[in-house]
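>>> Build me a model from this:
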Amino acid sequence: MASSKLPVLALPHPLILLPTSRFTVPVSQSIGEAILALIDESDALPVLAAVPTVNPPSEGTSPVLSEWGTAARVLRMVRPTLRNPRQPYLVSLHGLTRIRLIAASDANSLPPELAADLSLQDIEYPPTERIPSRETVDKFRHSALRLLDRLARDSTQHARKENYHKIANMLEDITSSRAPWMADVLVGSIDGEYADKLAILSTPDTEARLKLATDIFLKQTSISEVSKKIATAVDESLSKQQKEFFLRQQLAAITRELHALTRPNGTSSSSSGLSSTTPADNVGGSELDDDEQHEADDMADLKRRIEAMEPGSEERKMGVREWRRLKRIPQGSVENGVIRSYLEWLGSIPWPNSTPLPSDSQAPQPIKDKTFLTAARTQLDADHFGLEKIKKRLIEYLAVVRLKELNAERDALAEEDRRHTKDAQGHLTSSDKALVPYDKSQQRPAPSPGVGPGKPGRLGKKGVKGPILLFVGPPGTGKTSLGQSVAKALGRPFQRISLGGVRDEAEIRGHRRTYVASGPGLIVQALRKAGRVDAVMLLDEIDKIGQSNFHGDPGAALLEVLDPEQNHTFNKVKLMLAPSKDHYINVPIDLSQILFICTANSLETISAPLLDRCEIIQLSGYTYDEKMHIARRFLLPKQLQANGLNDSHITLTEPALLHIATRYTREAGVRSLERAIGGIVRYKAVEWAEFMDEGGEARDVGQNDGAVVVAEKVIKESAELALSWVKTHSYDLCITNTRAQDPLKVPDLIDIHLHLPSGAQKKDGPSAGVAMITLRGRVTPVGGIKEKVLGAHRAQVTKVILPWANRKDVEHDVALEIRNEMEFVFVRTVREALEAAFGKNTLGWRREALLMESRL
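Next up, the predicted model:
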């Protein structure tokens, strides 16, 4: 390599001057004066070494020069003007060839003399460039043409496009020896990365330089293609939104003009141009008009609901954060609709301690009235006939709720009085101040966070923690209507949540907002419809909820709702008795003031933890007398009103009503009875309609046929117990001659087939009957006494044999008129049951049976 000495100019980071390139760089006054001295001393334009700095400027570190630089000719020097002496010197340089600093290999940091002035340094020129291979040149040419084509298509200036096309034409005809020169020209012209340009400058070998330039051009082409694709997509989206906004504005203006033309007292708008309508102009028009005004009203209402939330609460913080996001997002975007839907749900939920809005009606609270229990009894008697034990338990429940409500209100008022007393003692005027002895016991406690003078704090209403009532009984026995009666007695809104078939946990707790078309759960939806935090919610068909699966366990999700002690937490100054977090709302919701009532047809499918949180109230069936009263007081007037008739249009006698109840309905409830009465009323409605239209005579009321489906169900274990007892006592009953004989084999083989009609009442082992549940001969108590007695009475059976331990069930559950019409025989052993069934001394016993019973 040829060596020489040149003055070194350190280029500031990230400037790089490549051979064949030109640029103008500002320099300091000292360096500018040194360059001027070089110009004055030399006859031709001076040459200096422009060396880039490889590290960015920072405090505490000195600049580091690159090993390679460019020998550059000084083309022009501009001094600062007298008007602006602070302006730096501007020097224009033209890159000639590569040079290598000999001192850079020994010391990386910039010498102090180079930072303040130009100094001569030893440099080396690279050897004569060799011609690269043809294959390398072709790859370089292909990548460079592809880059130039992309730059020409992306450029918006016509002159620049022409320059790119000219360079492409030159590149197609360039020779292999001129290819390295073209690589320096192209790399210096494109807006590439600093590291790529420094790598090109530091590569004196032509073959390696062309390969490096090929990689750089391919990378730049890919970056340009991706950037253009993203920019095009963004421009299309923005232009679509702008176009949609423009068209909607035009549509709104056209709609206003058409509405003005179609008004009865309106005048043509042709003489006055486009007129802007106000909400008052829409009087008499459709509520769908004036979308802009309605949009503004909706947003204002949404803002008022957020401002009505308690300051500092979790729901208000979430509402404010989402409101700010909503204002930043364009109106036509999908995210805007998602956030707005969330805010509408958040604002529509009744939050505790929120400021009531003018539109929210404050209903009276009958629970504070002294005649509350009397009115509750009247309400229950008006809505239901019979069910005296159920009504008694509900009155007890309502009495407890009333007492707890009054106690909670009294405690809240006492707490408020104590707080006001402390505030009054703490605000002494200047005239009342005096020197008093210091008493440590009289020192005021520090105020709690969020509670101070003028700020009442969050003294929320304590939740009434009572038992969760669970009404269990056959369909049509009035379980749902009992919940409605409780809500009417309390003066609270009633919401029914049907849980039948719910198999996804998200239907209870809500879907997370990350899912498409997500929404809150059934509890939050019912709370929004109720509009109050102390609603009565009926969880209907809780026994038909889905079991645990890959969607989660909805039954376990109900535990959090029904158990006020399962997940309690402190939220700043608020103790939430039952805070449940809906996945969609994502804010703790206080459910402690809600009265939950559950209904079920059976207890077998309800999980034990869920059943443990409920107080079970059994609803059996209705007697025929009760059904007659219910049909006369409730069902018949309801069907008459539903079918457009009144009492004068149809006369249903007591024998006809009893015939319908006994012959055409076989159920514990009254739904089939209501359907049968509805069929008669509709038949009569057709007759009255024909009579009014054609003047014909009305025909007599007809009857519909009914059918009973009888199913067979063999209870294996109970039947085996009964058969074992028969085998044991077959000799005593004179069935066999010896105790060793089997009554099923001697004298002939016998097969026993046990046929049990299932009917409407589900059977299990303990309730199958007397003979099937004894092993040593003692008759034990069974369940479902009322249903069995009603079934026997319906079948016109006058004598019923029951276990001795079920006497209290007959006295408490069976109506007096039924007991007066039937004979009940209570037995302790199977022998007594057989004597009651076949008559005394009818069966010949060989000896007196000795009843032995274990006392372990």
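>>> what about Leu120, neighbour count?
As a burial measure, Leu120 scores 13 neighbours (other CB atoms under 10 Å). For glycine as for every other residue, the C-beta is placed from the backbone atoms N, C-alpha and C.
>>> Could you give the bridge partners of it?
On the basis of DSSP bridges, Leu120 is bridged to Pro7.
>>> now swap in Phe824 and tell me
Assigned bridge partners for Phe824, using DSSP bridges, are Val800.
>>> List the contacts of it.
Taking CB atoms under 8 Å, 6 or more residues apart in numbering, we find Phe824 in contact with 800, 802, 810.
>>> Let's see that with 10 Å instead.
Phe824 makes contact with 789, 799-802, 806-807, 810-811, 814, according to CB atoms under 10 Å, 6 or more residues apart in numbering.
>>> just Arg682 next, same as before
By CB under 10 Å, 6+ apart, the contact set of Arg682 is 639, 642-643, 645.
>>> is it possible to export those residues to TSV including pLDDT and neighbour count?
Formatted as TSV, the contacts of Arg682 follow (pLDDT from 0 to 100; neighbours: other CB atoms under 10 Å):
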residue	pLDDT	neighbour count
Gln639	88	22
Ala642	88	12
Asn643	87	17
Leu645	86	16
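>>> Angles on the backbone of Gly95, please.
For Gly95, the backbone dihedrals are phi -70, psi 130 (criterion: degrees, to the nearest 10).
>>> Next: Thr662.
For Thr662, the backbone dihedrals (degrees, to the nearest 10) come out as phi -90, psi -30.
>>> got it, and Ala815?
With angles defined as degrees, to the nearest 10, Ala815 sits at phi -60, psi 150.
>>> any idea how far Ile735 is from it?
41 Å (CB to CB, to the nearest Å).
>>> re earlier: if you rank the contacts of Phe824 by neighbours, which is first?
Result: Val789 is most packed of those (other CB under 10 Å), 26 neighbours.
>>> Which positions within stretch 337-346 qualify as buried?
For stretch 337-346, the neighbour count (16 or more other CB atoms under 10 Å) marks 338-340, 342-343, 345-346 as buried.
>>> which residues of the stretch 51-200 of the chain fall in helices?
Counting by DSSP state H, counting those that start in this stretch, one finds helices in the stretch 51-200 of the chain at the ranges 112-116, 134-154, 158-172, 179-189, 194-201.
>>> residue ranges for the strands of the stretch 401-550 of the chain, please.
For the stretch 401-550 of the chain, the strands defined by DSSP state E, counting those that start in this stretch cover 468-472, 494-498, 536-540.
>>> Longest helix in the chain, please.
helix 206-262 (DSSP state H).
>>> re earlier: let's have the contacts of Arg682 in CSV, adding distance to Val486 and secondary structure.
Below are those laid out as CSV (distance: CB to CB, whole Å; DSSP: H, G, I helix; E, B strand; the rest coil):
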residue, distance to Val486, secondary structure
Gln639, 26, helix
Ala642, 25, helix
Asn643, 30, coil
Leu645, 32, coil
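>>> In a markdown table: the residues you listed, plus distance to Leu261.
Output for the contacts of Arg682, formatted as a markdown table (distance: CB to CB, whole Å):
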| residue | distance to Leu261 |
| --- | --- |
| Gln639 | 51 |
| Ala642 | 46 |
| Asn643 | 47 |
| Leu645 | 49 |
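>>> From those residues, pick the one nearest Asn407.
Checking these against Asn407 with CB to CB, the nearest one is Ala642 at 44.3 Å.
>>> Contact partners for the closest one?
Listed by CB under 10 Å, 6+ apart, the contact partners of Ala642 are 678, 681-682, 685.
>>> looking at those residues, which has the most residues close by?
Result: Val681 is most packed of the contacts of Ala642 (other CB under 10 Å), 23 neighbours.
>>> Low-confidence ranges, the stretch 401-550 of the chain, go.
In the predicted model of the stretch 401-550 of the chain, residues 425-466, 550 satisfy pLDDT under 70.
>>> and the residue most central in space within the chain, what helix or strand is that in?
A centroid search over the chain (CA atoms, centre = their mean) returns Tyr584, at 2.4 Å, as the residue closest to the centre. Per DSSP states H and E: Tyr584 is located in neither a helix nor a strand.
>>> what about the nearest residue to it once chain neighbours are set aside, how many neighbours?
Using CB to CB, 6 or more residues apart in numbering and skipping residues adjacent in sequence, the residue nearest Tyr584 is Gly510, 3.7 Å away. Neighbourhood size, Gly510 [other CB under 10 Å]: 23.
>>> returning to that earlier point: let me know which of the helices of the stretch 51-200 of the chain is the nearest to Gly519.
Of all these, helix 134-154 comes closest under CB to CB, at 45.1 Å.
>>> Return the distance of the closest one from the chain's centre.
Remark: helix 134-154 is offset 55 Å from the chain centroid, using CA atoms, centre = their mean, to the nearest Å.
>>> all helices of the stretch 601-750 of the chain, in order?
Listed in chain order, the helices of the stretch 601-750 of the chain (DSSP H, counting those that start in this stretch) span 608-612, 624-630, 636-642, 654-663, 671-694, 716-728.
>>> so which of those helices is the most packed in?
Ranked by average neighbour count under the criterion mean count of other CB atoms under 10 Å, the helices of the stretch 601-750 of the chain are headed by helix 624-630 at a mean of 18.
>>> Now do the same contact list for the residue nearest to Tyr584.
Contact partners of Gly510, counting by CB under 10 Å, 6+ apart, are 345, 518-525, 581-586.
>>> Likewise for Phe245?
330-332.
>>> Dump those residues to TSV, plus secondary structure, pLDDT and neighbour count.
Shown next, in TSV, are those (DSSP: H, G, I helix; E, B strand; the rest coil; pLDDT from 0 to 100; neighbours: other CB atoms under 10 Å):
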residue	secondary structure	pLDDT	neighbour count
Pro330	coil	78	12
Gln331	coil	75	13
Gly332	coil	72	14
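>>> ok, so of those, who is nearest Val78?
Among the contacts of Phe245, Pro330 lies closest to Val78 (CB to CB), at 47.8 Å.
>>> Isn't the closest one up against Ile339?
No - with contact defined as CB atoms under 10 Å, Pro330 does not reach Ile339; the gap is 11.7 Å.
>>> Which entries within the contacts of Gly510 meet the buried criterion?
Using 16+ other CB under 10 Å, the buried ones in the contacts of Gly510 are 345, 518-525, 581-585.
>>> mean confidence for stretch 789-807?
Here stretch 789-807 scores 87 as its mean pLDDT.
>>> picking up where we left off before, okay, and which of the contacts of Phe824 map to helices?
789, 807, 810-811.
>>> Taking the residues you listed together, which two end up most distant?
Maximum distance among the ones in helices among the contacts of Phe824 (CB to CB): 12.4 Å, for Val789 and Arg807.
>>> Out of the contacts of Ala642, flag the one nearest to Leu657.
Nearest to Leu657 among these is Val681, at 12.4 Å by CB to CB.
>>> Check that closest one and give its pLDDT.
The score at Val681 is 89. That number is its pLDDT.
>>> How about Ile16?
For Ile16, the pLDDT comes out at 87.
>>> same deal with Ser767?
For Ser767, the pLDDT comes out at 53.
>>> cool, Ala104 as well?
Ala104 is given a pLDDT of 54.
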